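K.L.:
Turn this into a structure:
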Amino acid sequence: MTKITQGDKILLHSNYNSPLQRLEDSFFIKHQLNVHVKRDDLIHPQISGNKWRKLKYNLEFAKHQGYQKILSFGGAYSNHIHALAYAGKHYGIKTVGIIRGEYHADNPTIGQVKLAGMDVHFISRADYKRRFDEEYLDQLHQRYPNALIIPEGGSNELALRGLGELVTEIPTSNADYIVCPCGSGGTSAGILKALSHEQRLLSIAVLKNADYLKDEIFKLAIDNHHRLDFNTQFHLGGYGKVTPQLIDFINTFYNNHNIQLEPIYSGKMMLGFYELVKQGFFKPNTNITLIHTGGLQGINGMVQRKLVPNEWIRNDV
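P.N.:
Numbering: from 1, shown residues only. As a prediction, this is how the structure comes out:
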């Protein structure tokens, strides 16, 4: 990643390219696979992974169109809200976060986004369900007349453009298959749209009953449907659910490869990937790149809620 310093403000250069790290593992040698990880977790300490890629062109659009604010939605530990707050700070545009649930003073994510200058509003879960309703969105437009409203998670047409750039950064020789986690479908759709004729995408869902997401991906991607493999087997009980098996796997993976995964997205994706390799899903001599979608800021909140070990606490986000 290239950064430009402008006074005391650090801006992300539009031509960033996160590292591609080879996974040296006897397990992959045994199965005759060439495996890399696209380290989008290293794009920026606070604005990392797929969230930055989704926001990039939304931020440029807001600037060019003269919007004074960007408003979006998320949970109390949302990676999207966290990235938006810091991206707004770096781009010099004010941000508003509409947050599901009740405020807890010790929430590290909310504390950080407030420090970054985000205007945070908590609403009830019942009201939050209205975030896609035209009437509710009209009310927000009236309340924030100069704000660009971005959907929860950041997935829209502008986001797909940023996600498509991820594919162009990976040499085709390293990516017969691209593998990514799937929460809302936006990242999968952006990658799917940008695939070449020789490539396939394996999208691993991280929530229960996720079959509907395949249709959501197709709505966004429009074409290239036949290049998608969609897997729903590795949610481990549902979105945000963490099991001892997953914690053990993440610890082992870190010890072997010095790459920190988080348990919501990248951890489940990687666990599922190893299991699929074991099952013979990939043919020998397949070149595979897995996408680390960032989100490491959420670990501190999970430590606080005693969902993951205390030694996972991070001081770099």
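K.L.:
Tell me who's in contact with the residue nearest to Glu262 when sequence neighbours are not counted.
P.N.:
Nearest residue to Glu262 in three dimensions, chain neighbours excluded: Gly295, at 5.0 Å (CB to CB, 6 or more residues apart in numbering). Where you see a C-beta, it was placed from the backbone N, CA and C, and this is true even at glycine. Gly295 makes contact with 41, 48-49, 51, 79, 262, 264-266, according to CB atoms under 8 Å, 6 or more residues apart in numbering.
K.L.:
Equivalent analysis for Gly49, please.
P.N.:
40-41, 43, 79, 83, 292-295.
K.L.:
Apart from its neighbours in sequence, what residue is nearest it?
P.N.:
For Gly49, the closest residue by CB to CB, 6+ apart turns out to be Gly294, at 2.2 Å.
K.L.:
Compile the contacts of Gly295 into TSV and extend it with columns for pLDDT and secondary structure.
P.N.:
Compiled in TSV, the contacts of Gly295 are given as follows (pLDDT from 0 to 100; DSSP: H, G, I helix; E, B strand; the rest coil):
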residue	pLDDT	secondary structure
Asp41	95	helix
Ser48	86	coil
Gly49	90	helix
Lys51	94	helix
Asn79	95	helix
Glu262	97	coil
Ile264	96	coil
Tyr265	97	coil
Ser266	98	helix
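K.L.:
ok, so of the residues you listed, who is nearest Gly237?
P.N.:
Lowest distance from Gly237 to the contacts of Gly295 (CB to CB) belongs to Ile264, with 12.3 Å.
K.L.:
Does the closest one touch Gly240 like I think?
P.N.:
Yes. Contact criterion CB atoms under 8 Å: Ile264 and Gly240 qualify, at 6.1 Å.
K.L.:
Neighbour count for the two, which is higher?
P.N.:
Legend: neighbour count by other CB atoms under 10 Å for Ile264 and Gly240, higher for Ile264 (25 against 17).
K.L.:
Ramachandran angles for the more buried one?
P.N.:
Note on Ile264: backbone dihedrals following degrees, to the nearest 10 are phi -80, psi -50.
K.L.:
Might you report the residue contacts of Glu24?
P.N.:
His257.
K.L.:
Distance check, it against Asn255.
P.N.:
In this view, Glu24 and Asn255 are 13 Å apart by CB to CB, to the nearest Å.
K.L.:
for Leu261, helix, strand, or coil?
P.N.:
Put simply, Leu261 is coil when judged by DSSP: H, G, I helix; E, B strand; the rest coil.
K.L.:
Setting the sequence-adjacent residues aside, check what's closest to it.
P.N.:
Nearest non-adjacent residue to Leu261 (CB to CB, 6+ apart): Gly267, at 4.3 Å.
K.L.:
rewinding a little: the residue nearest to Glu262 belongs to a helix?
P.N.:
No. Under three-state DSSP, Gly295 sits outside any helix and is assigned coil.
K.L.:
which residues touch the residue nearest in space to the middle of the chain?
P.N.:
The residue lying closest to the centre of the chain (CA atoms, centre = their mean) is Asn50, at 3.9 Å. Residues in contact with Asn50 (CB under 8 Å, 6+ apart) are 40, 163, 166, 180, 186-187, 291, 293-294.
K.L.:
Count the residues that sit near Phe61.
P.N.:
Phe61, neighbours per other CB under 10 Å, totals 16.
K.L.:
ditto for the one 5 residues further on
P.N.:
For Gly66, the count of nearby residues is 8 (other CB under 10 Å).
K.L.:
Does Asp204 belong to a helix, a strand or coil?
P.N.:
Actually, residue 204 is Ile rather than Asp. Going by three-state DSSP: Ile204 is strand.
K.L.:
So which bits of stretch 94-103 are buried?
P.N.:
Using 16 or more other CB atoms under 10 Å as the test for burial, stretch 94-103 gives 94-100.
K.L.:
Save those residues as TSV, and put in distance to Trp312 too.
P.N.:
Output for the buried residues of stretch 94-103, formatted as TSV (distance: CB to CB, whole Å):
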residue	distance to Trp312
Lys94	32
Thr95	28
Val96	30
Gly97	25
Ile98	29
Ile99	24
Arg100	24
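K.L.:
With pLDDT and secondary structure as extra columns, can I get those in JSON lines?
P.N.:
As requested, these are exported to JSON lines (pLDDT from 0 to 100; three-state DSSP):
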{"residue": "Lys94", "pLDDT": "97", "secondary structure": "strand"}
{"residue": "Thr95", "pLDDT": "98", "secondary structure": "strand"}
{"residue": "Val96", "pLDDT": "98", "secondary structure": "strand"}
{"residue": "Gly97", "pLDDT": "98", "secondary structure": "strand"}
{"residue": "Ile98", "pLDDT": "98", "secondary structure": "strand"}
{"residue": "Ile99", "pLDDT": "97", "secondary structure": "strand"}
{"residue": "Arg100", "pLDDT": "96", "secondary structure": "strand"}
